[in-house]
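S.K.: sequence first, predicted model second:
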Amino acid sequence: MSNSGYPIIEESNKLFQRASKIMFPVTQTMAKGPSQYVNGVAPKYIKRAKDGHVWDVDGNEYIDYNMGIGPISLGYNYKVVDDAIIAQLKDGITFSLMHPLEVELSELIHEIIPNAEGIRIAKTGAEVCSAAVRASRAFTGRSKVVCCGYHGWHDWYIGTTSRAEGIPQEVRELTATFEYNNIESLKSKLTEDVACVILEPFIFEAPKNDFLREVQKLCKANGSLLIFDEMWTGFRVAIGGAQEYFGITPDLAVYSKAFANGMPIALLTGRKDVLQHFERDVFFYSTFGGEALSMAAAIATINEMRTKNVPQELAATGKKLKDGYNALAAKYELASITACTGFDCRTIITFNASAGDPLIMKSFVQQEMIKRGILWGGFHNVCFTHTQEDIDMTLKAYDEVLPLLADGLKKNELAFLLRGKPVEAVFRKVGDVQKSFNEKAVLK
Ligand SMILES: Cc1ncc(COP(=O)(O)O)c(C=O)c1O
């Protein structure tokens, strides 16, 4: 049954072989694909899940800290949300006219999100980011964009990274990047042809020196719109997202992931005078924009989050993992080499390059965590139904794995201890964005 304690992943490997013949690449979501997991050790396909746990196609069970790469905020198979989806399914999925849930969801968002004078509903994060950029260009009559963070696969953004093949040079030149917490780096890019500044309010590093307010001031003075990309912060750091948490109201904001517990839906919120351009010559429509199962899931998820104060619970669970990890790193004299950082609701484990190759260290920890029943990608994306038992088991695993890391580093043999190809970085170059970005970008 056992493979020296590592899970047997025969069915995963068989599926992967079939996929490799016809799927280029085999994955639709980078963070779920083989480049992000130690080959030969990690499972490749998950079949089912419940609460904070997943089961792979070979029947192995893991505690999951990836949570569908963000959307699973309440937990897998969460009854209240699933019941809402099932009830809507009985009435239908997609219709030939508008659906009442579009109005109901928009009213709920209008009540919760500070800047939501107006709301658009769509399917994916990249889509609403692009819509926000287009609306900003129409509103200002300008063409340039300045960004900080990850904003999806569309041309205007991905042209700033090393994976920009297929994007015309003329398009690439329209977008510049700036560095988080470095206001001077924004100033130097903020020319009078900039339509908008789009940024993630935070990734893992907290804003310093009133950074977000300073960004807002600069945008106002320059006549550029400010867009918050709240894909990760929205409904997680507070129900009303980073806007509510920091008390800063951007002109536009975009949301996806956490607010529908796994269903595909995204939102653009913002100033009425900007959004009204969509009623005229700015085009942003799609077949599945008002698909009803996702809207039913969103309403049920948001109501549950409000009733149970889910952001507070996520922070409490995340803090236990963060503090626990850092205490263990100190116990094994690894505090200068590895740390768990970020806002409590979603943290990252970093490895210091001065001690060795961070991707080798990450791969080794992943391999050993998987052996101990934890599907580990270097993050704690916690959900509402991760239990105290899950946390205890995770910290117990760290308590076993970190001394192995320390020993492997001391003997300089980590790379030899890896049982497969290590994990890879997503981008070789990401413009000016902060250094944790490459690890963060692994999430796509
Ligand atoms: C901050 C941020 N913006 C935009 C996106 C793109 O969203 P999607 O993958 O749904 O297109 C992501 C995806 O992870 C994201 O994290």
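M.R.: Great, that's in hand.
S.K.: what sits against the residue in the chain positioned nearest to the ligand?
M.R.: The minimum distance from the chain to the ligand, using CB to the nearest ligand atom, falls at G125 (2.1 Å). Bear in mind the C-beta positions are built from the backbone N, C-alpha and C, glycine included. Residues counted as contacts of G125 (CB atoms under 8 Å, 6 or more residues apart in numbering) are 151-152, 229, 231, 254, 256-257, 266.
S.K.: and the two most separated of the residues you listed?
M.R.: H151 and K257 (13.4 Å; CB to CB).
S.K.: now, which of the contacts of G125 lie within strands?
M.R.: In strands, judged by DSSP state E, the following of the contacts of G125 are found: 229, 254, 266.
S.K.: reformat those as CSV; add distance to the ligand.
M.R.: Formatted as CSV, these follow (distance: CB to the nearest ligand atom, whole Å):
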residue, distance to the ligand
D229, 5
V254, 7
A266, 6
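S.K.: now pLDDT and neighbour count too, for those, in CSV please.
M.R.: Conversion of those to CSV gives the following (pLDDT from 0 to 100; neighbours: other CB atoms under 10 Å):
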residue, pLDDT, neighbour count
D229, 98, 29
V254, 98, 30
A266, 98, 26
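S.K.: ok, so of these, who is nearest E400?
M.R.: Among these, and counting by CB to CB, the member closest to E400 is D229, at 37.6 Å.
S.K.: isn't the closest one right up against S256?
M.R.: No: at 9.6 Å, D229 and S256 do not qualify as touching, with contact defined as CB atoms under 8 Å.
S.K.: quick one: is the helix or strand containing I348 near the ligand?
M.R.: If you go by DSSP states H and E, I348 is part of strand 346-351. No: with CB under 6 Å from any ligand atom as the criterion, the ligand is not reached by strand 346-351; the gap is at least 10.8 Å.
S.K.: renumber starting at 28 from here on
M.R.: Yes, from this point I'll number from 28; that puts the last item at strand 373-378.
S.K.: neighbouring strands - and their directions - for that strand?
M.R.: strand 365-368 (antiparallel), strand 406-408 (antiparallel) (DSSP bridges).
S.K.: mind listing residues that contact that strand?
M.R.: 231, 259, 263, 341, 345, 348-349, 352, 364-369, 385, 388-389, 392, 405-409, 463, 466-467.
S.K.: that one - what's its average pLDDT?
M.R.: Strand 373-378 shows a mean pLDDT of 97.
S.K.: after that strand comes which helix or strand?
M.R.: helix 385-398.
S.K.: name the helices or strands packed onto whichever helix or strand comes after that next one?
M.R.: As assigned by DSSP H and E, the chain's next helix or strand after helix 385-398 is strand 401-402. On a contact count with 3 or more CB pairs under 8 Å, 6 or more residues apart in numbering; DSSP states H and E, strand 401-402 meets strand 88-91, helix 415-437.
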